[in-house]
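Asks: predicted model and sequence follow; I will ask about them next.
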Amino acid sequence: MENTGDEIKRLQSCINDLISVLALPAIWSGSESSQIVGTLLDVLLAMLRLDFAYARLSDSSDGPPIEVVRLGHRQHPSVQPQQVGQALGRWLTGDQAASRFVVPDPAGEGEVSIASFSLGLQDQVGVLVAGSRRADFPTNIERLLLRVAANQAGIGLQEARRSGEQKRIGEALEQRVAERTAELTRANENLRLEIAERKRAEAQLRESEERWRDVFENNPTMYFVVDAAGTVMAVNPFGAEQLGYNVDELVGQPVLGVLYESDREAVQRNVAQCLKQIGQSMSWELRKVRKGGSVIWVRETARAVLRLNGPIVLIACEDITEQKRAEEALRQAQADLAHVTRVTTMGELTGSLAHEVNQPIAAAVTNANTCLRWLAGDAPNIEEARAAAMRIVKDGTRAAEIISRIRLLFKKGTPERELVDVNEVIREMTVLLRSEAMRYSISVRTELAADLPQVMGDRVQLQQVMMNLFMNSIDAMKDVDGTRELAIKSQRAENEQLMVSVSDTGVGLPAQQTDQIFNAFFTTKLHGTGMGLSISRSIVESHGGRLWAADNSPRGASFYLTLPTKVEAHE
């Protein structure tokens, strides 16, 4: 009888639980999916004394799934639904309620028994997982309750989805109706305003044309409008006046007619590039010839735009004649300063240069006396006399070459760019400064690359750079003890450049002032001007190269310069 009483109580409890589960849809009416699942898990957790209850809902809009978990009081409260879902991943596919699985507890320690149930047909809504540490979980009654709960939840979730979808469809329909109504209202308003807008647009167009005409005709800037064939379509009065013409004389004529002849080809290339890049601005500098034959410099900014009849080029011209004159004056001043520096350096080397010239002259005198002795004998030795005379010619030629190099350095003139053999420049300066190096017991070593390409540059300016660098190294070694060696090396470098290095075993670069040695008027010499390195860097940079310095180990300094072998140097 006692067992029968217990069985009746369990049956009543089961019936009560089943009624509670069957009553859940009434509670869920009008609720969101997440609320339905949360209520379901809370009920199951308390009803079946579970350690955890987990549910994953698929999103009807192809978004990420919704995961919800409820934990018993013995579980870790900080466990996230995603962690539980990841741990139970392999048991979340299909309805596996028929089997009992024992898995590691995803929300605590040890193992738990779990049962998995589909929410909806074939997991189309989601999946429900219940877990308990009880060894007999799930019992048949618990499976029944979980199955009924899962079915009820599946129905409730599908109903919630349908209600939500109907709500979204209704809201979307209302929104579309409202938008369409607003569109029709706007269309009516636009139709009402269109005539007035057209009238205003026509008035604005007339005003814009007048404004453009005023700007074009009265602006103190030279403007040209040129078609794709290079014919002048329009020019403003100021621009025509700047060139000594009136407007009618230029319109319809080739624009090349007012360009300096040697600039025409470059301008044609630039205009062609503009026509390929519609809407992009380009700038260049060129010379224009006035009607009277005088020349002015202008900076043109051009942009090609499309018109119905084809592209045209709009050109604004800025007169930069005075700027060019100022730049030429600056270049002349720099050339004069460089000349003064060369002359000053040559003056300091007077003794050494005189010794260098005196050597071939003295040798020529000696050979002349030898020639006379061979001819003055009773039986003149013509062969020996001829050999002595040939040596005289050789010594005279050598003296003439030295004097020619010295005269070239003293020469004052505008820079002339030509192909220059840098190795030859190094050899010339080595010969001129050999006596100065010997005076201070300095050995000179050269390592010149045989395949060094020529550079486009001014020979005298490059000689000045080499002379300045050689003299700096000689000055740095005058008073040092130990080995005194001046090493000059030339070689090919990257990016189609050549590099020359001038290294010494002197006192090295001034501490913490390495970056200042190329500044004008900075010097560490007692009687120095501080201009040599500054001028040298300016010359190298004007040739498109670089000049820098670095300390040597254990002592001394090295100067490095690079020059381009293919690209044109800067003017």
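Replies: Structure's in. What do you need? Numbering: from 1, shown residues only.
Asks: domains in the protein, as residue ranges please.
Replies: Domain assignment of the chain by automatic domain parsing yields the ranges 10-164, 217-319, 322-414, 415-571.
Asks: using a markdown table, please lay out those domains together with mean neighbour count.
Replies: No exception for glycine: its C-beta is placed from N, CA and C like everyone else's. Putting the domains of the chain into a markdown table (neighbours: other CB atoms under 10 Å) gives the following:
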| stretch | mean neighbour count |
| --- | --- |
| domain 10-164 | 17 |
| domain 217-319 | 15 |
| domain 322-414 | 14 |
| domain 415-571 | 17 |
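Asks: ok, which of those domains comes nearest Glu179?
Replies: domain 10-164 (21.4 Å; CB to CB).
Asks: can you give the distance of the closest one from its chain's centre?
Replies: 58 Å (CA atoms, centre = their mean, to the nearest Å).
Asks: okay, now the unreliable bits of the stretch 301-450 of the chain?
Replies: Within the stretch 301-450 of the chain, the stretches with pLDDT under 70 are 327-367, 369, 373-374, 388, 394-415.
Asks: all strands for it, in order.
Replies: 310-319, 417-420, 443-448 (DSSP state E, counting those that start in this stretch).
Asks: helix or strand right after the last one?
Replies: Scanning forward in sequence from strand 443-448 by DSSP states H and E, the next helix or strand is strand 455-458.
Asks: could you name the helices and strands sitting against that next one?
Replies: strand 417-420, strand 557-564 (3 or more CB pairs under 8 Å, 6 or more residues apart in numbering; DSSP states H and E).
Asks: one more time with 6 Å, if that's ok
Replies: Secondary-structure packing of strand 455-458 (3 or more CB pairs under 6 Å, 6 or more residues apart in numbering; DSSP states H and E): strand 417-420.
Asks: direction included, what does the strand it packs on pair up with?
Replies: Using DSSP bridges, strand 417-420 pairs in its sheet with strand 455-458 (antiparallel).
Asks: looking at the partner strand now, give me its mean pLDDT.
Replies: Averaging pLDDT along strand 455-458 gives 87.
Asks: closest one to Leu193 among the domains of the chain?
Replies: domain 217-319 (27.9 Å).
Asks: chain center to the closest one, what's the gap?
Replies: Distance, centroid of domain 217-319 to centroid of chain: 33 Å (CA atoms, centre = their mean).
Asks: make 10 the first number, not 1, from now on.
Replies: Will do, 10 is the new start, and the previous item becomes domain 226-328.
Asks: relative to Leu317, how far out is the most centrally placed residue in the chain?
Replies: Nearest residue to the geometric centre of the chain (CA atoms, centre = their mean): Asn504, 18.1 Å. Separation of Asn504 from Leu317 (CB to CB, to the nearest Å): 47 Å.
Asks: try Trp100
Replies: Trp100 is 72 Å from Leu317, by CB to CB.
Asks: likewise for Pro389?
Replies: In terms of CB to CB, Pro389 sits 98 Å off from Leu317.
Asks: with distance to Leu471 added, can I get the strands of the stretch 310-459 of the chain in a markdown table?
Replies: As requested, those are exported to a markdown table (distance: least, CB to CB, whole Å):
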| stretch | distance to Leu471 |
| --- | --- |
| strand 319-328 | 35 |
| strand 426-429 | 6 |
| strand 452-457 | 14 |
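Asks: nearest to Val474, out of those strands?
Replies: Of all those, strand 426-429 comes closest under CB to CB, at 11.4 Å.
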